[in-house]
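> any chance you could fold what I've pasted below:
(4 chains)
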2 protein chains.
Amino acid sequence: MIARPTYLSAEERREMTVETVVDLAAEQNPADITTDAIAKRMGVTQGALFRHFSSKDAILQAVMEWVSERLLARIDKATSIAASPLEAIEAAFMAHIHFIAEHPGVPRMLFEELQRTEQTLAKRMARTLLQVYGDRLGRLFMDGKRRGQLPASLDEKAAATLFVGMIQGLAMQSHIEGDVKRIRESAPGVFALYRRSIEAAK
Amino acid sequence: MIARPTYLSAEERREMTVETVVDLAAEQNPADITTDAIAKRMGVTQGALFRHFSSKDAILQAVMEWVSERLLARIDKATSIAASPLEAIEAAFMAHIHFIAEHPGVPRMLFEELQRTEQTLAKRMARTLLQVYGDRLGRLFMDGKRRGQLPASLDEKAAATLFVGMIQGLAMQSHIEGDVKRIRESAPGVFALYRRSIEAAK
DNA sequence: ATAGGTAGTGAGTAATTACTATCTTTGAGG
DNA sequence: CCTCAAAGATAGTAATTACTCACTACCTAT
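Numbers count the residues shown, from 1 in each chain, chains lettered A, B, ... in the order given. This next block holds a predicted model:
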């Protein structure tokens, strides 16, 4: 059986493109992800990409959409089966950590987009994701206060900033150490500290 | 009085270049800091830069050196006059926050360097800075344990990761909100949480 | 089987970027 | 005041990058 070139449908190719970008981001600097690099990885010429996306920004936008959907879905699922607000917060955290372990390029791409000064569509999507993320956190904090697991005096904005920072710190640390899988092992220790910082006195 | 072009000495020009890059990073995506952009801001042609630096990487390397020296010096000074380990930790934190408020481009440049896959000299310097930074933190934690301000059971690595993440989170948050000066106002609330997370039970 | 639309190719282009070679201007020391 | 080395200007180059366009291979519906 000789390998023959196959034509994929537009939808299949779009999906494949997004996944390729996510994979590439795990291996190299997001800034180095050129349209040529994406096409090469897909075994396709560079021009072919522009059949399915009107611009590179459109590709990145699709990637951000992919990330938003998957990440939020996993976090929502994790929190929904938690028995208490504090457990939900921990579940959301661990869901995020596992997502990063599976897709190490994601936090790097997100950060890259947020750094931009031009108002690209991909950047807007990244900001929206962060905002939705913050809303979800805010709801968990409110629940926690109502149920007495968190002190009513808790500074919710600070708690959200620290939560996001905790994840960023873990992502960066494991990236520097060159072993992103190990983020799963470092995560519980850091969360234990975080928990102490927001928990109501017993 | 007609403005006449003036020739600066090599040393003056080098210093001016570094400060220009730090300033530019506060305003735009570090990726967009081209040699042309640097030269334009200095009121000089692009080629002139290469009289004083052998390559762009050499410029970035000098910037990282500048950052390392200033940041560590300020942190060392702040911690040296603190009355206790916990106060020293807080002083180091606030010194870092003030440094970022004055030079908002610095965390962005650092992160940009760390993202690189090529082994540039600037990247090596950035990693070294983080390592030295971690050592300083480790010493403060050890002191804190010895003096009973921190529990002996404290996970030092987790505490360091959370510390760095806290700063990253604040830097990103304030960058997104577009008002980096306000990082000074949000910082104390976040540190209060951090303190709770590492402090020994009273 | 064939026609027609779509996926993909190949070979471009213009813009950008780090870097260089050659010439000119400046200013400090003799 | 003159000289000369160093600072800077001017005008390049080669490489890279996103994007385009004319053409070809493939697949599906009739």
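> ok, residue A:148 - contacts?
residue A:200 (CB atoms under 8 Å, 6 or more residues apart in numbering or on different chains). Any C-beta I mention is one placed from the backbone N, CA and C, and that applies to glycine too.
> for chain A, which residues are neighbours of DNA strand C?
With CB under 7 Å from any atom of the strand as the criterion, chain A meets DNA strand C at residues A:5-10, A:13, A:43-48, A:51-52.
> and which of the residues you listed is nearest DNA strand D?
Of all those, residue A:47 has the smallest distance to DNA strand D: 3.1 Å, by CB to the nearest atom of the strand.
> what sits against the closest one?
Taking CB under 8 Å, 6+ apart, one finds nothing in contact with residue A:47.
> hang on, the earlier thing: just the residues of chain A next to DNA strand C: which are in helices?
A:10, A:13, A:46, A:47, A:48, A:51, A:52 (DSSP state H).
> is it correct that the second one is in contact with residue A:52?
Pointing back at residue A:13 there. Yes - here residue A:13 lies in contact with residue A:52, judged by CB atoms under 8 Å, at a distance of 5.1 Å.
> can you tell me the SS state at the nearest residue to residue A:201 once chain neighbours are set aside?
Counting by CB to CB, 6 or more residues apart in numbering or on different chains, residue A:201 lies nearest to residue A:151, which is 7.2 Å off, once chain neighbours are set aside. State at residue A:151, reduced to three classes by DSSP: H, G, I helix; E, B strand; the rest coil: coil.
> what's the pLDDT at residue A:151?
The per-residue pLDDT reported for residue A:151 equals 97.
> low-confidence stretches in chain A?
A:1-5, A:202 (pLDDT under 70).
> residue of it closest to DNA strand C, please.
Nearest residue of chain A to DNA strand C (CB to the nearest atom of the strand) works out as residue A:47 at 2.7 Å.
> how far away is that residue from residue A:57?
17 Å (CB to CB, to the nearest Å).
> what about residue A:117, how many residues close to it?
Residue A:117 has 11 neighbours, counted by other CB atoms under 10 Å in any protein chain shown.
> quick one: contacts for it?
Counted by CB under 8 Å, 6+ apart, residue A:117 has contacts B:27, B:28, B:29, B:32.
> which one of those residues sits closest to residue B:105?
residue B:27 (7.4 Å; CB to CB).
> verify the contact between residue A:46 and residue A:56 for me.
No - checked against CB under 8 Å, the pair residue A:46 and residue A:56 is beyond contact range at 10.7 Å.
> list the residues that contact both of those two?
residue A:35.
> which one of these two is surrounded by more residues?
residue A:56 (17 against 14).
> how about the contacts made by that one?
Contacts for residue A:56 (CB under 8 Å, 6+ apart) come out as residue A:35.
> now it: how far from residue A:17?
For residue A:56, the distance to residue A:17 - CB to CB - is 11 Å.
> repeat that for residue A:28.
16 Å.
> which of these two has more neighbours?
residue A:17 (23 against 16).
> just checking, the more buried one touches residue A:61?
No - counting by CB under 8 Å, residue A:17 does not reach residue A:61; the two are 11.7 Å apart.
> so what's the backbone phi/psi at residue A:81?
Main-chain torsions, residue A:81, degrees, to the nearest 10: phi -100, psi 10.
> then residue A:175?
phi -70, psi -40.
> now swap in the one 3 residues further on and tell me
Comment: the main-chain dihedrals of residue A:178 come out as phi 80, psi 10, following degrees, to the nearest 10.
> quick one, what contacts it?
With CB under 8 Å, 6+ apart, residue A:178 has no contacts at all.
> that one and residue B:22, how far apart?
28 Å.
> tabulate the CA atom coordinates of stretch A:17-31 in CSV.
Provided in CSV are the C-alpha atoms of stretch A:17-31 (Å, rounded to 0.1, in the frame of the first residue of the first chain):
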residue,chain,number,x,y,z
THR,A,17,-4.2,23.1,12.5
VAL,A,18,-5.2,24.2,16.0
GLU,A,19,-3.9,21.0,17.6
THR,A,20,-0.7,21.3,15.7
VAL,A,21,-0.2,24.8,17.1
VAL,A,22,-0.9,23.6,20.6
ASP,A,23,1.6,20.9,20.2
LEU,A,24,4.3,23.2,18.7
ALA,A,25,3.9,25.6,21.6
ALA,A,26,4.8,22.8,24.0
GLU,A,27,8.2,22.4,22.2
GLN,A,28,9.2,25.9,21.2
ASN,A,29,8.9,29.5,21.8
PRO,A,30,5.4,30.6,20.7
ALA,A,31,7.1,33.5,18.9
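> and it with DNA strand D, contact?
No - using CB under 7 Å from any atom of the strand, stretch A:17-31 stays clear of DNA strand D, coming no nearer than 8.5 Å.
> which of the residues in that stretch are buried?
A:17, A:18, A:20, A:21, A:22, A:24, A:25, A:28, A:29, A:30, A:31 (16 or more other CB atoms under 10 Å in any protein chain shown).
> repeat for stretch A:149-168
Buried, per 16+ other CB under 10 Å, within stretch A:149-168: A:149-150, A:154-168.
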